[in-house]
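# My questions are about this predicted structure, shown below with the sequence.
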Amino acid sequence: MMAIKNNKAVPYKRGSKFSKRTLSSVNDRDVYKYFCKLAYGKFNPTADDNPTGCRHSTLIYAKKSISWFIPNNNCPWNEDTHSGNPTKSIIILNLLTAVKKRG
């Protein structure tokens, strides 16, 4: 996910460490793009697209995994201040619902 956030063509190596400040900069749009890439194979799926890359349960597991690394992960996502846990934002929840319905 961090490679997508930082627009890197090559993923980071397993075990890469990121500072608390870097992890705090992850927002709901970064998580959304990552989940779209996993489920649909592209960053901006349309309403007609079907998820072929992964299932709803895979995204739920990814959501839990990302959430574990986010500082202040118990706080809900605040749209105004862009703080808290981005995996708890409305756009992520709507995407998960769409994948569950279409998949």
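Nice, I can see it. Numbering: from 1, shown residues only.
# rest of the way, CA atoms for contacts and neighbours
Noted.
# where do the strands sit along this structure?
Ranges of strands within the chain: none, based on DSSP state E.
# Point out where it drops to low pLDDT.
Filtered on pLDDT under 70, the chain yields no residues whatsoever.
# Run through the residues that contact the residue most central in space within it.
For the chain, the residue nearest the mean C-alpha position is residue 31 (2.2 Å; C-alpha atoms, centre = their mean). By C-alpha atoms under 8 Å, 6 or more residues apart in numbering, the contact set of residue 31 is 1, 86-87, 92.
# From residue 95, how far out is it?
Computed as C-alpha to C-alpha, to the nearest Å, the residue 31 to residue 95 distance reads 11 Å.
# what's the answer for residue 11, then?
From residue 11 across to residue 95, the span is 23 Å (C-alpha to C-alpha).
# Repeat that for residue 75.
In terms of C-alpha to C-alpha, residue 75 sits 20 Å off from residue 95.
# who has more neighbours, these two?
Between residue 75 and residue 95, residue 95 has the larger neighbour count (other C-alpha atoms under 10 Å), namely 17 against 12.
# out of everything not next to it in sequence, what's closest to the more buried one?
residue 32 (7.7 Å; C-alpha to C-alpha, 6 or more residues apart in numbering).
# Now do the same contact list for the one you found.
Taking C-alpha under 8 Å, 6+ apart as the test, what residue 32 contacts is 91-92, 95.
# Count the neighbours of the residue nearest to residue 70 when sequence neighbours are not counted for me.
Leaving aside its chain neighbours, residue 70 sits nearest to residue 23 (5.9 Å; criterion: C-alpha to C-alpha, 6+ apart). Residues near residue 23, counting by other C-alpha under 10 Å, number 15.
# what sits against residue 23?
69-71.
# Would you mind listing which of these are buried?
70-71 (16 or more other C-alpha atoms under 10 Å).
# okay if I get the contacts of residue 23 as CSV plus distance to residue 47?
Converted to CSV, the contacts of residue 23 look like this (distance: C-alpha to C-alpha, whole Å):
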residue, distance to residue 47
69, 31
70, 30
71, 33
